[in-house]
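> sequence and predicted structure below; questions after.
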Amino acid sequence: MKEKETARYEFGVIKEYGDQEVIVLVNGMEYHVLLSEEEAETVETLLLEENFEYVAFDTEAEKVVFEDVFNMTELDEEALADIHEGVNDDGVAE
């Protein structure tokens, strides 16, 4: 069976968050990532204030990407505001 190819930039689900560390699930693979203080604050804001569990992830550098590498202008569209609902903890649509 051929392994699923992963693009350089993928969406990942934040599975666990700790003191300047995060576990991100990308295509069924877990990445343990150390964060800078500033990055940890950004992740904390995403999780606690915005209730947003998805992040861009660089699979080559194995790090969370905070820049808009996907040019995600559709996130500003009102019709897609709740797009993350209906997705399980593994990032699969239900």
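Thanks, I have the structure now.
> pLDDT below threshold where in the chain?
Across the chain, the ranges flagged by pLDDT under 70 are 1-6, 68-87, 89-94.
> can you do 80?
Residue ranges of the chain with pLDDT under 80: 1-7, 50-52, 67-94.
> quick one: the helices in it, in order.
37-44 (DSSP state H).
> which strand residues bridge E16?
With DSSP bridges as the criterion, E16 is bridged to I23.
> wait, it touches V24, no?
No: look at E16 against V24 with C-beta atoms under 8 Å: they stay out of range, at 9.0 Å. All C-beta atoms are positioned from the backbone trio N, CA, C, and that covers glycine.
> give the residue from these two that has the larger number of neighbours.
Set E16 next to V24 and count neighbours by other C-beta atoms under 10 Å: V24 wins out with 26 against 11.
> what are the ranges of the strands in this protein?
Secondary structure of the chain (DSSP state E): strands at 9-18, 21-26, 29-34, 54-58, 63-65.
> helices or strands next to the second one in the packing?
Right, the one you point to is strand 21-26. Judged by 3 or more C-beta pairs under 8 Å, 6 or more residues apart in numbering; DSSP states H and E, strand 21-26 is in contact with strand 9-18, strand 29-34, strand 54-58.
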